[in-house]
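Visitor: just coords:
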C-alpha cells in the first residue's frame, strides 16, 4: 500500500468517476483503475462497487476512505514541515436541509481554514439526496432533522446506508414570518390562526413523501400552499406574500437580516436536528472542524 494509492482512492471518491479522477491526476483511466484494483486485492476488500451506472463506495470502502484521508493529511503535514512541500487543496463537502446555522458554520470554517487552496461544497438540497450524498461520500456530512413522525422511515434509510445520526439540538416548532405579518406581534400562534396565510415549503422532487418533508405537520392540508427550491425564494415570499413556514426557530440576522422573525407554534412537537456520517468512517480534519463550527453557530 502506498500514499499514491491512497491519494487515488480519495480523488476517485471526490469525483465519483474514474474518468474524471484520472483527468485530475494526469494519468490514464486504465492505470488508475489497475492501481485501485491492486490495492483492493492487497487489503482484501472492495473499495468501489462497479456497475453499468458507474462506481460507488462500498460500506468497507467508506470506512477505508476515512482512514485514508487521515493518513494523507498527516503525510502532508510532515512534508510541509520538513520538505517545504506545497499542500494539496483541502476537500470537504456537506449536504444539508435549508438551515441558516449550517451556512453560518460553513462561513466560519472557510474563514478559519481557507487560507490555502481548497475545493469545498455546501449543498442545500432535498432530504433524500442528503442521505444519498453521504452514503456515496459525495458529502462527508449531512444535516437533517428527526421527529416522532419521520424517524422510523429516516432511521431505516440511515441503517440501510450504514450511516449514523448524531444530535445537535432539540427545538420546539416555530413559524418564520415577515416582521410585517399581523401574527408577528403575537408571543405564540396556533395552527388555526395560520389558515388565512400562504404556507411555504421546500420541494422534495420525486421523493415528495410526507416523511421527507423539511417541515413538520406535513400531513396537514393547507388552503394556500407554495413549494420552492431555495431559501432565498422562500424568504422573499414570506415577505412579499405574508406567508409562513414551519422550522426550528433558529435564524441568523447576519445572513438573513431582521425582516424575518421566528414565532413559537403552539403544538406539542419537538424537532431533533443533527448530522449524519458513515458509521465507521473517521472524520477528516475539516469535517471535525465543521462540527465544532456548527455547535458554535447554534450557541450564538
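Guide: It's in. None of these values were measured; they are calculated from a predicted model. Residues are numbered from 1 along each chain as shown.
Visitor: what residue is smack in the middle of the chain?
Guide: With distances taken as CA atoms, centre = their mean, residue 95 lies nearest the centre of the chain, 2.2 Å away.
Visitor: where does the stretch 201-300 of the chain dip in pLDDT?
Guide: Applying pLDDT under 70 to the stretch 201-300 of the chain flags the ranges 207-208, 253-257.
Visitor: on that earlier part again, could you identify the helix or strand that succeeds the host helix or strand of the residue nearest to the centre of the chain?
Guide: Using DSSP states H and E, residue 95 sits in strand 90-96. Where DSSP H and E defines the elements, the next helix or strand beyond strand 90-96 is helix 100-113.
Visitor: what are the buried residues along the helix or strand that that following helix is followed by?
Guide: Counting by DSSP H and E, the element after helix 100-113 in chain order, helix or strand, is strand 118-124. For strand 118-124, the neighbour count (16 or more other CB atoms under 10 Å) marks 120, 122, 124 as buried. All C-beta spots, glycine's among them, are computed from the backbone N, C-alpha and C.
Visitor: now strand 118-124 against helix 100-113, angle please.
Guide: 170 degrees (axes from the mean of the first three to the mean of the last three CA atoms, to 10 degrees).
Visitor: list the contacts of strand 118-124.
Guide: With contacts defined as CB atoms under 8 Å, 6 or more residues apart in numbering, strand 118-124 is touched by 14, 89-98, 102-103, 106, 110, 114, 129-130, 133, 139, 230-231, 286.
Visitor: just the buried ones among those residues, please.
Guide: 14, 90-98, 102-103, 106, 110, 129-130, 133, 139, 231, 286.
Visitor: please, where are all the strands along the protein?
Guide: 48-51, 54-57, 90-96, 118-124, 141-146, 163-171, 174-178, 199-202, 225-228, 245-247, 260-264, 271-278 (DSSP state E).
Visitor: pLDDT weak spots in the stretch 51-200 of the chain?
Guide: Ranges of the stretch 51-200 of the chain meeting pLDDT under 70: 85-88.
Visitor: could you redo the last one with a cut-off of 80?
Guide: Scanning the stretch 51-200 of the chain for pLDDT under 80 picks out the ranges 53, 76-77, 80-90, 114-117.
Visitor: what's residue 182 in contact with, if anything?
Guide: Residue 182 neighbours (CB under 8 Å, 6+ apart): residue 242.
Visitor: please disregard the earlier target; I meant residue 138.
Guide: 16, 93, 95, 132 are the contacts of residue 138 under CB under 8 Å, 6+ apart.
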